[in-house]
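# Prediction below, plus the sequence it came from.
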Amino acid sequence: MTDKARLHDRYPELGRCNLPVAPYIDPSYWEAEKKYLFKKTWLHIGRVEELPRKGSYMVRDIAALDASIVIARDRSGQINAFHNVCSHRLNKVAYEPYGTTRKFFCKFHGWAYDLDGSLSGVPDEKSFMDGFDKACHGLSKVSCDVWQGFIFINMDPEPAQTLAEFMEPMYGGLDGYPFEKFTACYGWTAVVDCNWKLALDAFQETYHVGYVHGRSIADSLEKDEEGNLHPIDGLCGDVHRRLSIAGNPNTVYGNPQAATSGATESSVSGSADIGKRIAGKALAAGAGGTKIDLSKVKLPEALNWTNHPHWAFDINVVFPDFYLSCRPNYFQAYNFRPIAHNKTLFEARVYYPEMKTAGGRFYQEYMKVTLRDVLLEDLGTLEMTQSAAETGAKKEMVINDFELMVRHQAVVVDRIINDGLAADAAAQAAE
C-alpha cells in the first residue's frame, strides 16, 4: 500500500494497534456506555415529518437511556420532549408509538398535561396538600432540537454542546442537501443478538462487500486496479466520521443518477443473469419518474468531497449510533440502538422522492427488495460474530487501513468512558 493510500497516517492519535474484544462483550462496559456516553450526548430519534401537525406525538422507549420519551409538536408548532412519566403516581401518559392528541392523560388518576408537558388538570385538586402548585409538577423535560429536519434529544438538562455545535464541525457542509424533498419512506426494524458497536462496524467499511455481498451488490461498487473494493476517502472528526464510496454506474445500486432524467438502461440488462437483467430494466424504468426534477437540485460541496467521477454515496456516522447515507437521489437513515451489551435494535429508514410514473414505482420496489436482501446479508453475520467473541478465543481484532472507521469508533467510545471515570474519581477524591 502506498503512503497516499494510508488513511491511518492522517490520524496518528488513533494508533495502529489491534482492537480489544472486551468492549464488545463486557456487561460492565455497556453500563459505562449508558452512563457516560448515551445519557450525555445528542441522539437522533426521528424526523419532523413524523410530527406533521399540532398535537402529533411519538414515543421512543430507549434502553440506553433507561427511559421512555414523548416527543410532541405543541400548539405553536414547537417540538418538545419529556419523560413519559406522570408526576403523580408515575404511570405513563402516552401509550401508543404514534398519535395525535390535544392533551396527554394519565389513565391511572386522570392527570392532564398540555403538549408542552405542563400540568393543566388535576382531578379533585383541592384534596392535595397546602401549597400544591400545578406549575411545579409538569412532565420532566428532555433537551430537544432539530438539525436538517432530524429530531435529536439529549438527557442532560444542560448539554455541554448545543446540537448545532455537536453537528456543524463535521456536517455543516451538508446544508442544502434536499432531505425535505425525499418524502416517500419505507423501513424495517430487527433485534439482533450482538453488541451495537459490532453492528455499526459492519456498515462503516467496504472490506466485507466482496464476500458478504458477493452475489448481490458487490459489482455495484467500483473496484481499484487490483480488484479491491476500497472507499474513495475517509474523514474522522472529534466523534463523528465520514466515508465516501465510488459506484459502478452500469448497475442500478451503484448508479447515482438512477430515477433521474439522466439514467439509461444498464449494460447489465443484456446479461445472462436474470437478476441483472431485471436490475437493468428497473434502472431504465425509473428514469424521469420522480415528481421533482432532481437534475436541478444542486448538492452541497461536502458530498463527494474528492470530486470522484464515479462517486455514488457518502456514509455519515453521527456519533454514537446514527448512520446517514446520502446519495443524489435518496438517503438512508439507520439507528443501531443498544438494548443490552449483546443485543441491538436495528432501525432502518430509506427516503425517496415521490414517483409520478409506474416505472418509477417499479424502480423503488426493486430498490426496496434489493436493500432488504443486502441488510439481511449484513445482519446474518453479526450474531455469529458476537458468539465467537464471547468464546474468549481471541482477545483482539486485527484492523486494516480501510477499516479506519471501526478503529475511530472504538477509540472515541473508550476515550469518553475513561474521561467519565476520571471525572467521577476526581469528584470522589474532592469530597
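Cool, got the structure.
# Got phi/psi on residue 396?
phi -140, psi 160 (degrees, to the nearest 10).
# That one - nearest residue in space that isn't next to it in sequence?
residue 18 (3.8 Å; CB to CB, 6 or more residues apart in numbering). To be clear about C-beta, it is placed using only N, CA and C from the backbone, and glycine gets the same treatment.
# What is the neighbour count of that neighbour?
Counted with other CB atoms under 10 Å, the neighbours of residue 18 add up to 13.
# now do the one 3 residues further on
Residue 21 is surrounded by 20 other residues when neighbours are defined as other CB under 10 Å.
# Then the one 10 residues further on?
The number of residues packed near residue 31 is 11, by other CB under 10 Å.
# per-residue confidence for it?
As predicted, residue 31 sits at a pLDDT of 97.
# Can you tell me, leaving aside adjacent residues, what's nearest to the residue most central in space within the chain?
Closest to where the C-alpha atoms of the chain average out (CA atoms, centre = their mean) is residue 322, at 2.5 Å. Of all residues not flanking residue 322 in the chain, residue 44 sits nearest, at 4.2 Å (CB to CB, 6+ apart).
# Just the element for that neighbour, please.
For residue 44, the element it lies in under DSSP states H and E is strand 43-47.
# which secondary structure elements does the helix or strand just after that strand contact?
Next helix or strand after strand 43-47 toward the C-terminus (DSSP H and E): strand 56-62. Under the contact criterion of 3 or more CB pairs under 8 Å, 6 or more residues apart in numbering; DSSP states H and E, strand 56-62 touches strand 43-47, strand 67-73, strand 98-100.
# repeat that with 7 Å
strand 67-73, strand 98-100 (3 or more CB pairs under 7 Å, 6 or more residues apart in numbering; DSSP states H and E).
# Any buried residues in the longest one, and which?
By neighbour count on 16 or more other CB atoms under 10 Å, the buried set for strand 67-73 is 67, 69, 70, 71, 72, 73.
# Mean confidence (pLDDT) on it, please.
Mean per-residue pLDDT for strand 67-73: 98.
# For it, name the packing helices and strands.
Checking 3+ CB pairs under 7 Å, 6+ apart, strand 67-73 ends up next to strand 56-62, strand 79-83.
# quick one on the thing from earlier: look up how far residue 46 lies from the residue nearest to the centre of the chain.
Relative to residue 46, residue 322 is positioned 11 Å away (CB to CB, to the nearest Å).
# again with residue 313
Applying CB to CB, the value for residue 313 to residue 46 is 22 Å.
# Give me the more crowded residue out of these two.
Ranked by neighbour count (other CB under 10 Å), residue 313 and residue 46 place residue 313 first, with 24 against 21.
# Now the more buried one: closest residue in space that isn't a chain neighbour?
That would be residue 327: by CB to CB, 6+ apart, it lies 4.3 Å from residue 313.
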